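[1] Show me how the following folds:
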Amino acid sequence: QVQMVESGGGLVQAGGSLRLSCAASGNIFRINVMGWYRQAPGKQRELVASITSLGGGSTNYAGSVKGRFTISRGNAKNTVYLQMNSLKPEDTAVYFCNAHIAHNELGSSYRYWGQGTQVTVSS
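    Numbering: from 1, shown residues only. Sure thing, here's the model as predicted:
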């Protein structure tokens, strides 16, 4: 029904930058929220940043990335980006795109995940 395709991960030195992209396609009536989560080895998946569709795009960031990462929506509104600056080794993780998607005007929204993209920051 819905496909979430991520890109932009890779290997970067500490202090460097990466930009992640995610595009949602398929049976989409409305996307309420899009966001990025990450999961490091041996740790739980955690929210990195999210952005809503309403109110001009309200954003929310994890404290550990605030001031370094910026989440934004594309003009097509079914895409989301994560600009990551001043990367640290502790940012190393698999990053997952997430979206809350409604399939019609009456239905509830459902949560969809991308396949994940590896971000590795070397010291």
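
[2] Can you give me every residue that contacts the spatially closest residue to S58 that is not a sequence neighbour?
    With CB to CB, 6 or more residues apart in numbering as the criterion, S58 has its nearest non-adjacent residue at 4.7 Å, and that residue is T52. C-beta here means a position set from N, CA and C on the backbone, and glycine is covered the same way. T52 makes contact with 32-33, 58-59, according to CB atoms under 8 Å, 6 or more residues apart in numbering.

[3] again, only using 10 Å
    Taking CB atoms under 10 Å, 6 or more residues apart in numbering as the criterion, T52 is in contact with 31-35, 58-60, 73, 100.

[4] which among these end up buried?
    Listed as buried from the contacts of T52 are 31, 33-35, 73, 100; burial here means 16 or more other CB atoms under 10 Å.

[5] now, the most widely separated pair of those residues?
    R73 and H100 (13.4 Å; CB to CB).

[6] If you count neighbours, what's buried in stretch 86-98?
    So for stretch 86-98, counting by 16+ other CB under 10 Å, buried means 87, 91-98.
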